[in-house]
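**Q** give me the fold of what follows.
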Amino acid sequence: MTRIRPAAWLMASVALFLLAVAGYALLVHAFPQYYWKQIDTAVYRDGGIAVRNQPTILYALRLGPAKLPFIYTPFAALLLAAGSGASFATWQVGQAVLTIGLLPVVTYLSLGLAGRPAGLARAAAAFAIAAVGLWLEPVAMTLFFGQINLLLLALVVGDLALPDRITGKGIGIGLAAGFKLTPLIFIPYLLFTRRVKAAAVSALTFAVTAGLGFALLPHASTVFWQSSLLGSRHFHLDNQSLNGVILRLTHAGPDAHAYWQVAAVVVGIAGLATSILASRRGHELLGVVACAATGLLVSPISWSHHYVYVVPALVLAAYGPRRLGYRILGAALVAGLFGWWPLPIGSQGGYDPKAQLLPRGLLLLAPNEGNNGTVEFTWRGLELIVGNYYVLTLLLFIAATACALVLTRRVRPDRAQSVLRARCRVSGTAARRRPVGRSASSTEGAGTRSSRCERTPPDETASHALVRRYLGVYRQTCSSKHYDRAVSASVSRITFLVPPQPIRSPPRFPGRGASLRVRCGPTIATLILFAFRDVPQGLSARR
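**A** Below you'll find the model as predicted:
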């Protein structure tokens, strides 16, 4: 059977991505009134113009055709002011091209976090997933509103994909948080996953952006940071955060803010703990998605187009599980919940069989009037589930991830003995330990099957070469000094091992290798132990 080369897969994936882009362009051309408003792009441009002319009243203005307030940081306003001289049409085209062009970049970086090696096969998978991601509701609504969510996502994912030894790791997260505050959740994530330097760089970068805002826009900075501490009262459908759900359930009552603070603290701690545990277990992409989900839940405002982290989630679903059936099920679940589907949605939201079939998100099946009216207070039964299902999905995801990580605990070195002995079998027969006092000549006729587990320990040089080969795939995750220490710590635990036959390729682990840093010497040794097919029975004697 002839295998298809990676280059052919790449060409097919690029063609699929271009076909998805062409389909979206045709949709925009046919229904520009539904898919090409880009009202937030107008807010960006007008906000930049306001900074140049009336900076003191920036947060009191209503900008763009929709008369929306400017809710971004003063540092973001300074960046937008640099390009505010361009025409609105230039902003529209530039924003759309940037968003679509960053999709395969984000998927490629996410595949790296999932442990996929660089190459044509990874690039082909990135373009294929990007073709599907373009038709996910958060991405499509990002294009509809003219948001820059994909740029911020690329900064965060690209920063996390950098090797830990890079000095500038953390700058991307700090810059993203300097524009929108939601990526701040990744600073404690870096800190508690033992990437202290990257966390410090992120915090310092964010502090620099805030300092620039106070230095150049002092009045606007004071107004922004005072208002950001008061939370939000947006209860409409598009606010898919814990705050939005509580405001809808309490009808924006006076105690809603206190309820949200308690819920945000509880969910924030649980979500961060889950993401940190996932990263320490080596599931880096799972930790990133869980951390992003936590940030979306605890944020005062999480519009549906902020959920662009569904793109890394799609990569996680498609390439995280080992079994193909689980991959198909996970990808179908993500695409089914967050995809754009042809739905007859009425002018007031909700299902209307007389309405025209157009690609919409399932969220619009709940009755709503946009950002007007209080129809959300009248939801009952199924409408409550449909209108809040983004939040419910993230809560279920975090809970399921936490349960899976707790139930599948990391294998300890002492527990590895029994597993390794079970693996030391040849043709269904367990290898026997050489009896004490028995001469070597008496065992020569036993054949090679039993002698495979009776070899003498290798010298230290051979052990170093063996360990370096198996840790080579994770060489980029730590400094040279830490790498040498990890090799030495691992050799001291496995000097009794000799591979029974040439090893064809290094083992493939599920994550980026975050749990394989020098501080986890026993974990390194345990993972290397599992790489061998046959090991000596005298494991406990050499410990």
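
**Q** now the helices for the stretch 301-450 of the chain?
**A** 310-319, 324-338, 382-387, 389-407, 413-423, 448-451 (DSSP state H, counting those that start in this stretch).

**Q** deepest of those helices, which one?
**A** helix 310-319 (a mean of 26; mean count of other CB atoms under 10 Å). No exception for glycine: its C-beta is placed from N, CA and C like everyone else's.

**Q** chain center to that one: distance?
**A** Helix 310-319 sits 8 Å away from the centroid of its parent chain (CA atoms, centre = their mean, to the nearest Å).

**Q** so which elements touch that helix?
**A** Counting contacts by 3 or more CB pairs under 8 Å, 6 or more residues apart in numbering; DSSP states H and E, helix 310-319 packs against helix 88-113, helix 120-133, helix 137-145, helix 149-161, helix 284-298, helix 324-338.

**Q** need the winner for burial among those helices.
**A** Most buried among these, counting by mean count of other CB under 10 Å: helix 284-298, with a mean of 27.

**Q** show me this structure divided up by domain.
**A** In the assignment given by automatic domain parsing, the structural domains of the chain cover 1-230, 231-409, 413-426+455-542.

**Q** before we move on, the earlier item: out of the helices of the stretch 301-450 of the chain, nearest to N243?
**A** helix 389-407 (9.9 Å; CB to CB).

**Q** re the thing from before, mind telling me which of the domains of the chain the model trusts least?
**A** The weakest mean pLDDT among the domains of the chain belongs to domain 413-426+455-542, with a mean of 43.

**Q** next up, the contacts around the residue nearest to I171 when sequence neighbours are not counted.
**A** Leaving aside its chain neighbours, I171 sits nearest to T205 (5.1 Å; criterion: CB to CB, 6 or more residues apart in numbering). With contact set as CB atoms under 8 Å, 6 or more residues apart in numbering, T205 has these partners: 170-171, 173-175, 178.

**Q** tell me the one of the residues you listed nearest L102?
**A** L175 (14.8 Å).

**Q** just checking, the closest one touches L155?
**A** Yes - counting by CB atoms under 8 Å, L175 touches L155, with 5.9 Å between them.

**Q** alpha carbons only: can I get stretch 291-305 in CSV?
**A** Only the C-alpha atoms of stretch 291-305 are listed here, as CSV (Å, rounded to 0.1, in the frame of the first residue of the first chain):
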residue,chain,number,x,y,z
CYS,A,291,-6.1,28.1,31.9
ALA,A,292,-7.7,30.1,29.1
ALA,A,293,-11.1,28.6,30.0
THR,A,294,-10.6,29.8,33.6
GLY,A,295,-9.7,33.3,32.4
LEU,A,296,-12.9,33.5,30.3
LEU,A,297,-15.0,32.3,33.1
VAL,A,298,-13.8,34.7,35.8
SER,A,299,-13.5,37.8,33.6
PRO,A,300,-16.3,40.4,34.1
ILE,A,301,-17.0,40.4,30.4
SER,A,302,-16.3,37.5,28.0
TRP,A,303,-18.0,38.1,24.7
SER,A,304,-18.6,35.1,22.6
HIS,A,305,-15.9,36.2,20.2
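
**Q** gap between it and the chain center?
**A** For stretch 291-305, the distance to the chain centre is 13 Å (CA atoms, centre = their mean).

**Q** before we move on, what about stretch 62-69?
**A** For stretch 62-69, the distance to the chain centre is 32 Å (CA atoms, centre = their mean).

**Q** next one: stretch 364-374
**A** The answer for stretch 364-374 is 30 Å, by CA atoms, centre = their mean.

**Q** what does stretch 25-32 give?
**A** How far stretch 25-32 lies from its chain's middle: 31 Å, per CA atoms, centre = their mean.

**Q** then stretch 402-411?
**A** Per CA atoms, centre = their mean, the centroid offset for stretch 402-411 relative to its chain is 19 Å.

**Q** let's have the helices and strands packed on helix 310-319 in JSON lines, adding distance to A76.
**A** Output for the helices and strands packed on helix 310-319, formatted as JSON lines (distance: least, CB to CB, whole Å):
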{"stretch": "helix 88-113", "distance to A76": "14"}
{"stretch": "helix 120-133", "distance to A76": "25"}
{"stretch": "helix 137-145", "distance to A76": "16"}
{"stretch": "helix 149-161", "distance to A76": "10"}
{"stretch": "helix 284-298", "distance to A76": "17"}
{"stretch": "helix 324-338", "distance to A76": "26"}
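
**Q** what's stretch 241-254 in contact with?
**A** Applying CB under 8 Å, 6+ apart, the external contacts of stretch 241-254 come out as 231-236, 239, 256, 259-260, 263-264, 267, 296-302, 374, 376-377, 379, 387-388, 391.

**Q** just the buried residues from those residues, in ChimeraX please.
**A** This is how ChimeraX selects the buried members of those, with burial counted by 16 or more other CB atoms under 10 Å:
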select :231,232,234,235,236,239,256,259,260,263,264,267,296,297,298,299,300,301,302,376,379,387,388,391
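
**Q** just the contacts of stretch 241-254: which are in strands?
**A** Using DSSP state E, the subset of the contacts of stretch 241-254 located in strands is empty.

**Q** by neighbour count, which of the contacts of T205 wins?
**A** When neighbours are taken as other CB atoms under 10 Å, the top entry among the contacts of T205 is I173 (30 neighbours).

**Q** that one looks like it's in a strand, true?
**A** No - I173 is assigned helix when assessed by DSSP: H, G, I helix; E, B strand; the rest coil, not a strand.
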